[in-house]
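Colleague: coords please:
(one chain, ligands or ions: 1)
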Amino acid sequence: MERVLHFIDGAFVPSEDGRTFDNLNPATGERIGTVAEGGRAEIDKAVRAARRAFRTWSRTTAQERAAILHRIANLIEENLEELALLETTDTGKPLSLAKSLDIPRSAYNFRFFADFVKGLSTETFEMEGVALNYALRRPVGVAGLISPWNLPLFLLTWKVAPCLAAGNTCVIKPAELTPTTATKLAEICKQAGVPDGVVNVVHGFGPDAAGQFLTEHEDVDLISLTGETTTGKAVMRSAASTLKRLSFELGGKNPNIVFADCDFEDAIATTVRSSFVNQGEVCLCGSRIYVERPLYDRFVEALVDRARKLRVGDPLDPQTDVGSLISEEHLERVHGFVRRAVEQGGRVLVGGKRPEHLKRGAFYEPTVIVDVDETCEITRQEVFGPVVTVQPFDTEEEVIRLANDTHYGLSATLWTSNLKRAHRVAGELEAGVIWVNTWFLRDLRTPFGGMKQSGIGREGGVHSFEFFTELKNVCIKL
Ligand code: NDP
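Modeller: Numbering: from 1, shown residues only. Reported below is the predicted structural model:
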């Protein structure tokens, strides 16, 4: 996509002032094209279009909306190759991953919420002989949907699908680094019969720019953000003056706890994935690995060996396991964390640098660091790259304390074949999503979201509709 435009009221348009910014392919450093840079004028226009469209879209039936959502899912599937290539070119992620995960899941997000909305119910309460109460579920209005760059279409559709299914309209602000699949989605929505103004996309930057203008706009009712914890704090501040409804999926520093009685092969194979898939740029990655001491040496040795064997390189090569990070700037940030970990006594057992065989692109080797503790920056801050730390532990109490010693609380993984311990530890861990003997296994009906500073609210199944709908109680005297 050489020229990425906004999508406002059913039409692709440039910015009023003609401003653009460059879109780069991080795996080559080459410029892919230009992106329209939206400002207040574009956000205003998009919000006005969404408000107008809300009058009719909110009055369609769930059946009608579900049919359109299924058409969107069909079109995503039909356009899988193109969408996957756009995603890979924007992000540097392996094309094989975009084809097998990002795009199929994006289609499924629409199918899932299309089906779910048809079965949504509300409660009735009878005051016997006196009155009957029933609740009506209604869409809220215009939603601002702000998405990150790591799983661009996957995470955007996780918002757009329930938003539309519930009868809201939206203004999307994709991450500035990954604008193309959101733009293609707009085209697909139009093709699927989504009325003009229901879905709008405005490109641009976050702070003091399109993102912020959207969050402070007085005619936007809800904001759903996936991004960094610091961004959540900024958005909360700017949304406060109009008291918007907020849903935040934010950062994580997720513990991966391995007890000595685990299924070793399963634990190690999944840990390689939960550490390095998508270059470690997944909010759910288990970046703090705690291994029970009797297993520690064997586990570290196997992890280092497998990390070394991962093929880092051209995202278009089907053999590639680890692609490029999102940008040179992000690579410098990731490397800064590794450098400071070493200064604080950490030992890099594998990785910690750019691969020598790649002469260009933001590539970074899968990295395993040991000899750090809970006082080190690397075990406390989210790195969001292919970097994990491994620490030994001796007791269940100790590892629970270490795992919970963070202001994040997104997810946690634990490996054990002791059922009682699994229940006990899962009950103690402070995280919104806990996996036992697995990772990233998702049933979209379940609540998804973070505790502490990893988020506000839950998404998935009925929880998404709790956010995207209002309940209105009607009390009828008998
Ligand atoms: P950012 O927080 O930098 O950006 C997320 C989105 O918010 C982007 O569209 C960004 O625009 C926008 N934004 C930034 N500042 C503001 C602002 N002041 N007002 C309004 N919008 C703003 O996150 P990243 O894109 O870097 O994504 C990585 C982060 O996302 C990690 O912390 C990761 O853990 C988290 N994440 C959480 C998930 C979860 O489910 N909990 C899932 C995936 C990622 P722009 O890009 O133009 O700056």
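
Colleague: Do a quick rundown of the strands in the stretch 351-478 of the chain.
Modeller: Taking DSSP state E, counting those that start in this stretch to define them, one finds strands in the stretch 351-478 of the chain at 367-370, 387-393, 411-415, 433-436, 455-456, 469-477.

Colleague: Can I get these in a markdown table including distance to Val140?
Modeller: C-beta here means a position set from N, CA and C on the backbone, and glycine is covered the same way. Shown next, in a markdown table, are the strands of the stretch 351-478 of the chain (distance: least, C-beta to C-beta, whole Å):
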| stretch | distance to Val140 |
| --- | --- |
| strand 367-370 | 43 |
| strand 387-393 | 39 |
| strand 411-415 | 28 |
| strand 433-436 | 25 |
| strand 455-456 | 16 |
| strand 469-477 | 5 |
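
Colleague: Which among those strands is found nearest to Glu356?
Modeller: Smallest distance to Glu356 across those (C-beta to C-beta): 14.7 Å, for strand 367-370.

Colleague: Could you list every helix and strand in contact with that closest one?
Modeller: helix 293-309, helix 328-343, strand 347-350, strand 387-393 (3 or more C-beta pairs under 8 Å, 6 or more residues apart in numbering; DSSP states H and E).

Colleague: list the helices and strands the third one packs on?
Modeller: Just to be clear, that refers to strand 347-350. Helices and strands touching strand 347-350, by 3+ C-beta pairs under 8 Å, 6+ apart, are helix 293-309, helix 328-343, strand 367-370.

Colleague: So for the last one, mean pLDDT?
Modeller: The predicted model assigns strand 367-370 a mean pLDDT of 98.

Colleague: could the helices and strands packed on strand 347-350 go into CSV alongside mean neighbour count and distance to the ligand?
Modeller: Below are those laid out as CSV (neighbours: other C-beta atoms under 10 Å; distance: least, C-beta to the nearest ligand atom, whole Å):
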stretch, mean neighbour count, distance to the ligand
helix 293-309, 16, 21
helix 328-343, 17, 8
strand 367-370, 24, 18
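
Colleague: Turn those into CSV, columns for distance to Ile72.
Modeller: As requested, those are exported to CSV (distance: least, C-beta to C-beta, whole Å):
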stretch, distance to Ile72
helix 293-309, 38
helix 328-343, 31
strand 367-370, 39
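
Colleague: Single out the most deeply packed of the strands of the stretch 351-478 of the chain.
Modeller: Using mean count of other C-beta atoms under 10 Å, the stretch among these with the largest mean neighbour count is strand 411-415, at a mean of 27.

Colleague: from the middle of its chain, how far away would that strand be?
Modeller: 18 Å (C-alpha atoms, centre = their mean, to the nearest Å).

Colleague: For the stretch 51-200 of the chain, list the residues in contact with the ligand, please.
Modeller: Counting by C-beta under 6 Å from any ligand atom, the stretch 51-200 of the chain comes close to the ligand at 146-150, 155, 173, 175-177.

Colleague: Compare those and tell me which has the most neighbours.
Modeller: Lys173 (32 neighbours; other C-beta atoms under 10 Å).

Colleague: residue contacts, that residue?
Modeller: Going by C-beta atoms under 8 Å, 6 or more residues apart in numbering, Lys173 touches 38, 144-147, 201-204, 206, 210-211, 214.

Colleague: Who is it paired with across the strands?
Modeller: With DSSP bridges applied, Lys173 shows beta-bridge pairing to Ile146.

Colleague: Need the pLDDT of it.
Modeller: Among the per-residue scores, Lys173 holds a pLDDT of 98.

Colleague: Return the nearest residue of the stretch 1-150 of the chain with respect to the ligand.
Modeller: Per C-beta to the nearest ligand atom, Pro148 is where the stretch 1-150 of the chain lies closest to the ligand, at 3.1 Å.

Colleague: Which residue lies nearest the spatial centre of this structure?
Modeller: Centroid check for the chain by C-alpha atoms, centre = their mean gives Leu155 as the closest residue, at 4.6 Å.

Colleague: so that one touches Ser147, yeah?
Modeller: Yes. Between Leu155 and Ser147 there is a contact at 5.2 Å, judged by C-beta atoms under 8 Å.

Colleague: overlap in contacts of those two?
Modeller: The contact sets of Leu155 and Ser147 overlap at Thr226 (C-beta under 8 Å, 6+ apart).
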